[in-house]
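> Just a sequence and a predicted model for now, questions to come.
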Amino acid sequence: MTMHFKTIARLGLSAVAIVAGAGAALAQTAWVLPSAYPPANYHVENLNQFAKDVDAATKGELKITVHPNASLFKAPEIKRAVQTGQAQAGEVLLSLHENENPIFGLDVVPFLATSFEQSKKLWEASKPAIEQALDKQGLKLLYTTPWPPQGVYTKKDVNSVADLKGLKWRAYNVGTSRIAELVGAQPVTVQAAELPQALATGVVDGLMTSSATGVDSKIWESLTHYYDTQAWIPKNVIFVNKAAFAALDPAVQKAVTDSAAAAETRGWTLAVEKTASYMETLKKNGMQVLEPSAELKTGLSDVGAKLTDDWSKKAGADGKAILDAYKKM
């Protein structure tokens, strides 16, 4: 009789263990995080480290799979996919969505913030408003990472803005489209994942973008000149669907936000470090890396002044408050 009860007890404990194991398996949460950039890009490397940190901090309770290179959603589709729950988290170039809210385009106003130090201050001044705008759209901001400063790529000498006239100009947001209009270039909408093909086929022969995108797209295979104008420092934002975040246990939520804070610090450091190496890569592959002439600088500054005025009018009182706060920093 005793053996019988022991056998039952063992079977009971085994059943409990099986149920507990099944419960643990069911407790694991899986998220997808789409990005528009190639796997070797430092933004994606940072995303992968963020996902690893979350996995380690939650002991596997939350698994985040990064989908780079617009393989899951194209760049303009990512934000909407996260809002609607098709993806739980995502990374986008914030200025892609300036049409929704002018505040999203602040960091691409030319010559407003032209160093990483200035860009960090601009982010601190604008973060509360951006966080609130995303919150109203069902998104929780996790962190941001900057790109290197933006320069001009062409396959000819450019000594003034007049030399940009007639170029097939890559546009990817409101600001770059407006620049094309002001300098007399022809705007062509091309996102990062489509850029190598657009360059190879001659769809684009002029653009303003970072040294990072230049390296990612092997731009030296199509263009020859890079003018280091340091026009602006755009940023990517990484966010999560608010409902998906709310469904997590508090300890897991903390792991996500702590890992995000670490990713932001790491991302800003990476941007500074990578900028120098990207510039060297452009040179090693035959690009002429040049300082803009005084005339080109003046012309671009005039364009920047017009775009700052445009942005201020659209952003209204909220925009003025951000600019005022930034200028005081």
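Thanks, I have the structure now. Residues are numbered from 1 along each chain as shown.

> Tell me where the stretch 201-329 of the chain has strands.
Listed in chain order, the strands found in the stretch 201-329 of the chain under DSSP state E, counting those that start in this stretch are 207-210, 225-227, 235-241, 288-290.

> wait, the stretch 1-150 of the chain
Along the stretch 1-150 of the chain, counting by DSSP E, counting those that start in this stretch, strands occupy 29-34, 62-67, 89-93, 139-146, 150-154.

> partners of the last one, with directions?
Okay, so that is strand 150-154. Using DSSP bridges, strand 150-154 pairs in its sheet with strand 207-210 (antiparallel), strand 225-227 (antiparallel).

> got the contact list for that strand?
158, 163-164, 167, 205-211, 214, 219, 223-234, 292 (CB atoms under 8 Å, 6 or more residues apart in numbering). For the C-beta atoms, the positions are set from N, CA and C on the backbone; glycine is no exception.

> Quick check: ChimeraX command selecting the buried ones in those residues.
A single ChimeraX command selects the buried members of those (16 or more other CB atoms under 10 Å):
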select :158,163,164,167,205,206,207,208,209,210,211,214,219,223,225,226,227,228,229,230,231,232,233,234,292
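
> Show the contacting residues for residue 272.
residue 116 are the contacts of residue 272 under CB under 8 Å, 6+ apart.

> Against residue 293, how distant is it?
According to CB to CB, to the nearest Å, residue 272 stands 26 Å off from residue 293.

> export stretch 170-188 as PDB, just CAs?
Output in PDB follows, covering the C-alpha atoms of stretch 170-188 (Å, rounded to 0.1, in the frame of the first residue of the first chain):
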ATOM      1  CA  ARG A 170      16.900  61.400 -53.600                       C
ATOM      2  CA  ALA A 171      14.000  62.500 -51.300                       C
ATOM      3  CA  TYR A 172      12.900  60.400 -48.300                       C
ATOM      4  CA  ASN A 173      11.000  62.900 -46.100                       C
ATOM      5  CA  VAL A 174       9.400  66.400 -46.200                       C
ATOM      6  CA  GLY A 175      12.700  68.200 -45.600                       C
ATOM      7  CA  THR A 176      14.700  66.500 -48.400                       C
ATOM      8  CA  SER A 177      11.800  67.000 -50.900                       C
ATOM      9  CA  ARG A 178      11.700  70.700 -49.900                       C
ATOM     10  CA  ILE A 179      15.500  71.000 -50.400                       C
ATOM     11  CA  ALA A 180      15.200  69.700 -53.900                       C
ATOM     12  CA  GLU A 181      12.500  72.200 -54.600                       C
ATOM     13  CA  LEU A 182      14.500  75.100 -53.300                       C
ATOM     14  CA  VAL A 183      17.700  74.200 -55.300                       C
ATOM     15  CA  GLY A 184      15.900  73.300 -58.500                       C
ATOM     16  CA  ALA A 185      16.600  69.600 -58.300                       C
ATOM     17  CA  GLN A 186      14.100  66.800 -59.200                       C
ATOM     18  CA  PRO A 187      12.900  64.900 -56.100                       C
ATOM     19  CA  VAL A 188      12.700  61.200 -56.400                       C
END
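
> what's across from the residue most central in space within the chain in the sheet?
Centre of the chain computed as the mean C-alpha position; nearest residue by CA atoms, centre = their mean is residue 236, 2.1 Å away. Residue 236 has these beta-bridge partners by DSSP bridges: residue 93, residue 145.

> In contact with the residue lying closest to residue 165 once chain neighbours are set aside, which residues?
Excluding the flanking residues, the one nearest residue 165 by CB to CB, 6 or more residues apart in numbering is residue 184, at 3.7 Å. Contacts for residue 184 were tallied using CB under 8 Å, 6+ apart; they are 162, 164, 165, 166.

> Provide a list of residue ranges in the stretch 201-329 of the chain with pLDDT below threshold.
Within the stretch 201-329 of the chain, no stretch has pLDDT under 70.

> residue boundaries of the helices in it?
211-216, 242-246, 250-284, 294-328 (DSSP state H, counting those that start in this stretch).

> Packed most tightly, which of the ones you listed would that be?
Highest mean neighbour count among the helices of the stretch 201-329 of the chain (mean count of other CB atoms under 10 Å): helix 211-216, with a mean of 24.
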